[in-house]
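Asker: just coords:
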């Protein structure tokens, strides 16, 4: 299958690209490299022993998208490209709406111009907001609590309307919970620009000595130890979910939202302890006030993924911490040569 991967040089995109190539799909990566590195793509080529096309561009650039679609003629799009930090989205909401929502509209326009009727969208469990009940299932009310989550919600709604308007079009909206971990090779992993916005890469950079301590935002939640509780999913499992989604999608029209998680939760301090055990390093931390937009609990109901996609998570928190440490310890500066 010919698959266009927007944001394919990013953390989740590069791991999914690797799985696509290993399964002998043809791929093109469309990426502006604003929060990713071309080095990740070089390593994916080496790991997969397979080539793919690269088009550098921004999803807000209609002309560049048109060139990519015209040259590659994809059958399906996996759409990762977008800004993704909850805290930053509170500070820069207009930038998030422009990049994520307007960019996705330009992508859908390009798909329609080039008769590409199938999309797998990188959505997020942040669309649910505060839990009315747990675990979140796909019918839970959608009330995101921050601009990042609202961009995901708006894009989902736009895709639903787009699919409904176009015969034989289809979409799978994969609502990720908290992706962590790295490829077992230790060659590709999460390498955020600046100070990490997500927990596990922050822990890893503390353990490797790049940062002095971890900031734990809130220790007074109604959880086992007072810190935020999340459903973490290994990025390799998440990549496999995308492969299952592109196989499922062309078999039917319509739009399906599907949770991708493990159905198990881990608190911040439990993740710190698991990482200390995996790395053999202490991870000092200090408690800070809660962040705006964070929720206390997040846990996935995962039955729909198993029922429709034949997919379920295979890797656990120990695997997540071990592979993250393998990546970070072998690449203390990430993809940077420093």
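Answerer: Nice, thanks for sending it over. No experiment lies behind these values; they were computed from the predicted model shown.
Asker: now the helix or strand containing residue 319, how far from the centre of its chain.
Answerer: Residue 319 belongs to helix 317-330 when assigned by DSSP states H and E. Centroid separation between helix 317-330 and its chain, computed with C-alpha atoms, centre = their mean, to the nearest Å, is 17 Å.
Asker: which stretches of the chain have low pLDDT?
Answerer: For the chain, the stretches with pLDDT under 70 are 293, 338.
Asker: Apart from its chain neighbours, what residue comes closest to the residue of it positioned farthest from its centre?
Answerer: Distance to the chain centre peaks in the chain at residue 167, reaching 28.5 Å (criterion: C-alpha atoms, centre = their mean). Excluding its sequence neighbours, the residue lying closest to residue 167 (C-beta to C-beta, 6 or more residues apart in numbering) is residue 253, at 7.4 Å. Heads up, the C-betas are built off the backbone N, CA and C, glycines and all.
Asker: Correct me if wrong: that neighbour contacts residue 170.
Answerer: Yes - contact criterion C-beta atoms under 8 Å: residue 253 and residue 170 qualify, at 5.2 Å.
Asker: Neighbour count: the two, which is higher?
Answerer: Legend: neighbour count by other C-beta atoms under 10 Å for residue 253 and residue 170, higher for residue 170 (20 against 16).
Asker: Phi, psi for that one please.
Answerer: As for residue 170, its main-chain torsions (degrees, to the nearest 10) stand at phi -150, psi 160.
Asker: tell me the contacts of it?
Answerer: 117, 118, 119, 163, 249, 250, 252, 253, 254, 255 (C-beta atoms under 8 Å, 6 or more residues apart in numbering).
Asker: Let me know the closest of those to residue 203.
Answerer: The closest of those to residue 203 turns out to be residue 119 (C-beta to C-beta; 33.3 Å).
Asker: picking that back up, and the residue farthest from the centre of the chain, backbone torsions?
Answerer: The phi/psi pair for residue 167 (degrees, to the nearest 10) is phi -60, psi 140.
Asker: Residue 186 touches residue 332, doesn't it?
Answerer: No - taking contacts as C-beta under 8 Å, residue 186 lies outside contact range of residue 332: 11.9 Å.
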